[in-house]
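*Asks:* using only what follows, build the 3D model:
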Amino acid sequence: MSLAAEKRFERIVAGDSLDGAFFFHGDAGRLRDEAARRLADAAVDPATRDFNLDIYRGASVSPETLAASLAMAPVMASRRVVVLYEAERLTPTGCRVVEETLDRFPRGLTLIVTATIPDRSKKKFYLRLKKDTTALEWSAPRESEVPGWLIERAQEHHEVKLRADAAEALASAVGADLGLLDAELAKLASAASGGEVDRELVGRLVPNVREVDRWAWMNLVGDRQYMEARRQLPLLLAMPGENAVGLLIGLVEHHLFLGIAAEGGAGAVTEVLGRVGKPYLRFKARTWAAQARRWTPAEIDEALALLQVADRQAKTGHTDHAVIENLLLRLETQRMGVS
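*Replies:* Coordinates of the predicted model:
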């Protein structure tokens, strides 16, 4: 979920207008359903909670029970709340019950629906929910954006500062499962000293923290420490999911932002990230600006050309190690000014 969407959700929870229908979807199920629970708690009157809060799951609720619950008036309160988790598992009749409720929405009702929409689904039920409700999506950011998501989540929800190298180590150890990442953040926040989580604490408390992670390795390349990057390459490629194509995609993005930083500094990087919808990468702006001082614009252009060559090699049968090692050697030759 983007930071802007999270802030929108926080405004909804803190506001007075909680009547109506809400649709929370996306594959980050733990965070999505946690948000549904928080909204329900905010909307229901605590004194009459037992009478005015119904919670169902799509696989187990009958259409008749769901219809009766949605039609029921609030009891000794101004609002009634119905939460429906896993709407993707409703029967066709159950879907029609929800749609008919949207057609003639009762006064004093808060309906909260969650779902994981199947890939490439064009089911009209989901389109209707997106159109006629307050819809928010909880989905995992791209792998390169996970550390930035962690930094913002730590600050906004756990009230601790997560250092950039700690965020990268955590992302490398856990992966892109936002629910698991948030659970680890909660553990780290409770153990943090002075309101800050550093890499040493991550190494002590989080399983599977790796000696080398892709973000630290890319920083070596950005700093033009090619021989150290070459030394660490076998360790990096031995990690699950790492391959030449993935590393090259990351390096291309890294060098593009180096080029922006070389032209306009950290401010230009931050502005571009805002325009292209990548706020999770803002934490890298100063790093790219510092690294860019080691480059000329012409050298960055040449590095991007070398990356294109390496990408073609990676896609035509060359071994991952040979492709990346050859790239690093050619970049080192460029750095030394050898033609």
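
*Asks:* so Lys123 versus Phe24, what's the distance?
*Replies:* Using CB to CB, to the nearest Å, Lys123 is found at 17 Å from Phe24. Where you see a C-beta, it was placed from the backbone N, CA and C, and this is true even at glycine.

*Asks:* try Asp103
*Replies:* In terms of CB to CB, Asp103 sits 21 Å off from Phe24.

*Asks:* tell me which of these two has more neighbours.
*Replies:* Phe24 (28 against 9; other CB atoms under 10 Å).

*Asks:* which residues touch the helix or strand containing the more buried one?
*Replies:* Taking DSSP states H and E as the criterion, Phe24 maps to strand 20-25. Taking contacts as CB atoms under 8 Å, 6 or more residues apart in numbering, the residues outside strand 20-25 that touch it are 12, 32-33, 35-36, 39, 101-102, 105, 109-117, 126, 129-130, 132-138.

*Asks:* can you flag which of those residues belong to strands?
*Replies:* Leu109, Thr110, Leu111, Ile112, Val113, Thr114, Ala115, Thr134, Ala135, Leu136, Glu137 (DSSP state E).

*Asks:* can I get those residues in CSV with pLDDT and distance to Ala87?
*Replies:* Shown next, in CSV, are those (pLDDT from 0 to 100; distance: CB to CB, whole Å):
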residue, pLDDT, distance to Ala87
Leu109, 96, 16
Thr110, 97, 16
Leu111, 98, 11
Ile112, 98, 10
Val113, 98, 5
Thr114, 97, 7
Ala115, 96, 4
Thr134, 95, 15
Ala135, 94, 12
Leu136, 93, 14
Glu137, 90, 14
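
*Asks:* can you select the buried ones among those for me in PyMOL?
*Replies:* Here is the PyMOL command that selects the buried residues among the ones in strands among the contacts of strand 20-25 (16 or more other CB atoms under 10 Å):
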select buried, resi 109+110+111+112+113+114+115+135+136+137
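
*Asks:* from the ones in strands among the contacts of strand 20-25, which is closest to Gly94?
*Replies:* For the ones in strands among the contacts of strand 20-25, the minimum distance to Gly94 (CB to CB) is 11.0 Å, reached by Val113.

*Asks:* quick check: that closest one touching Arg128?
*Replies:* No. Val113 is not in contact with Arg128 according to CB atoms under 8 Å; the separation is 10.7 Å.

*Asks:* which residue is the nearest non-sequential neighbour of Glu242?
*Replies:* Sequence neighbours aside, Leu236 is the residue nearest to Glu242 in space, at 5.7 Å (criterion: CB to CB, 6 or more residues apart in numbering).

*Asks:* give me the contacts around the helix or strand containing that neighbour.
*Replies:* Assigned by DSSP H and E, Leu236 belongs to helix 226-237. Helix 226-237 is touched from outside by 210-214, 217, 220-221, 242-244, 247, 320-321, 324-325, 328-329, 331-332, 335, with contacts defined as CB under 8 Å, 6+ apart.

*Asks:* mind doing that once more with 10 Å?
*Replies:* 172, 210-214, 216-223, 225, 242-244, 247, 319-321, 324-325, 327-336 (CB atoms under 10 Å, 6 or more residues apart in numbering).

*Asks:* could you give the mean pLDDT of that helix?
*Replies:* Here helix 226-237 scores 95 as its mean pLDDT.
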